[in-house]
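Enquirer: Let me see the structure of the following:
(4 chains)
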There are 2 protein chains.
Amino acid sequence: MIDTIPDAYADLAYSIHAVGARATPARMRALGALRHADQPLSHADIEAELSAEKLPLIDRVTLYRVLEWLTEVGLAHKVVDFHGVFRFSANTPDAKHTQHAHFRCTDCGRVTCLDEPVPELPHLPRGFRLARVELDIQGECADCVASH
Amino acid sequence: MIDTIPDAYADLAYSIHAVGARATPARMRALGALRHADQPLSHADIEAELSAEKLPLIDRVTLYRVLEWLTEVGLAHKVVDFHGVFRFSANTPDAKHTQHAHFRCTDCGRVTCLDEPVPELPHLPRGFRLARVELDIQGECADCVASH
DNA sequence: GTATCAAACGCAACAGTGTTGCATTTGATA
DNA sequence: TATCAAATGCAACACTGTTGCGTTTGATAC
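Expert: Below is the predicted model:
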């Protein structure tokens, strides 16, 4: 996909240069994968995706480091799923992504991002400083409810 | 602690018999550890706690199985922390524990249970079935804010 | 164009968490 | 106290993520 649309590469390189860093193939391809995904991807997901592209393989460790780095510089967002595995999503430039809800199907594992924002926050004890909110909602998605 | 308070054993045995199961040492000790804890414990935490008691060691695998089982029968509650590690807490008998919020300090890692319930749930897409809600709030706790 | 060098990469080895299979032991019951 | 399914202990493994270190490379300056 990416390898047939040079423009996508330019976009990716631009985003990476924008944070003052070197635009390497590993970074561009990982970020590209996240941007094309419609749900948060695990390291394993991304590795599978990248190895499908007919390009040199990216080392496991490099991918871990790239994902960590993307998170640090704010190009990606990192969460833990209910199996205890890290999942990453691309940060949209405008992202009010720091405060939103996910529905996770306990059956098929799929994640659905709920449009509605978290309604209102519980009151924090005095002196606490808020950084981020994750609302995780578990249950069964419509497909899985229907199929049994 | 437990081994000096026989009554505690009776309570634990009672709770386990109440779900129609065999009250084994591993189950009673694990549940006892969870009930005395003031925050969710990881497998490693519990193992450390139990090995401090001067009683026979419980096998690693057995402890994993006991914790999974306690969760299945509803005596414990299982969540994933921000390192991707499972943590368990005892389910209080009255527990509206299926719906509540945790504050996790990104600095010291401590978990504070917020008393206030989740105010109102986002609307689920048609056909979805709700099972449980976890509201995870990250930031710095009062102590850590104060100490720098 | 090419020389430079910190930054990024690839490889190997490891650590922690959680799981599976199977033979042995044991809690509750008769 | 004999019985037997249920629970345990042990060994071996799978997966996720990390660390150290020598090698390669993207961006810059010349």
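
Enquirer: What pLDDT is listed against the residue of chain A most remote from its centre?
Expert: Relative to the centre of chain A, and counting by Cα atoms, centre = their mean, the farthest-placed residue is residue A:126 at 32.2 Å. For residue A:126, the pLDDT comes out at 74.

Enquirer: Let me know the average pLDDT across stretch A:28-48.
Expert: 94.

Enquirer: now what about that stretch, what contacts it?
Expert: The set of residues external to stretch A:28-48 that reach it, using Cβ atoms under 8 Å, 6 or more residues apart in numbering or on different chains, is A:1-2, A:8-9, A:12-13, A:15-16, A:49-50, A:53, A:55, A:58, A:60, A:63-64, A:66-67, A:70, A:75-77, A:79, A:81, A:85-90, A:102, A:110-113. Yep, even glycine has a C-beta here, placed from its N, CA and C like the rest.

Enquirer: So which of the residues you listed sit within helices?
Expert: A:8-9, A:12-13, A:15-16, A:49-50, A:60, A:63-64, A:66-67, A:70 (DSSP state H).

Enquirer: re the thing from before, quick check: the residue farthest from the centre of chain A vs residue A:30, distance?
Expert: Residue A:126 sits 41 Å away from residue A:30, going by Cβ to Cβ, to the nearest Å.

Enquirer: got the contact list for residue A:124?
Expert: A:130, B:103, B:114, B:137, B:139.

Enquirer: Reformat those residues as TSV; add distance to DNA strand C.
Expert: Formatted as TSV, these follow (distance: Cβ to the nearest atom of the strand, whole Å):
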residue	distance to DNA strand C
A:130	26
B:103	21
B:114	23
B:137	21
B:139	23
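
Enquirer: Least confident of these?
Expert: Lowest in pLDDT among the contacts of residue A:124 is residue B:114, which has 66.

Enquirer: Just give me the residue closest to the centre of chain A.
Expert: In chain A, the C-alpha nearest the mean C-alpha coordinate belongs to residue A:89, at 1.2 Å (Cα atoms, centre = their mean).

Enquirer: If I look at that one, what pLDDT would I see?
Expert: Residue A:89 carries a pLDDT value of 91.

Enquirer: Also the one 3 residues further on?
Expert: Residue-level confidence at residue A:92 comes out at 70, pLDDT.

Enquirer: Confirm that it lies within a strand, as I assumed.
Expert: No - Residue A:92 is assigned coil when assessed by DSSP: H, G, I helix; E, B strand; the rest coil, not a strand.

Enquirer: give me the low-pLDDT residue ranges for chain A?
Expert: Across chain A, the ranges flagged by pLDDT under 70 are A:1-8, A:93-102, A:106-111, A:113-123, A:131-136, A:147-148.

Enquirer: you'd agree the residue farthest from the centre of chain A is up against residue B:141?
Expert: No - the pair residue A:126 / residue B:141 is not scored as a contact, 10.8 Å apart, by Cβ atoms under 8 Å.
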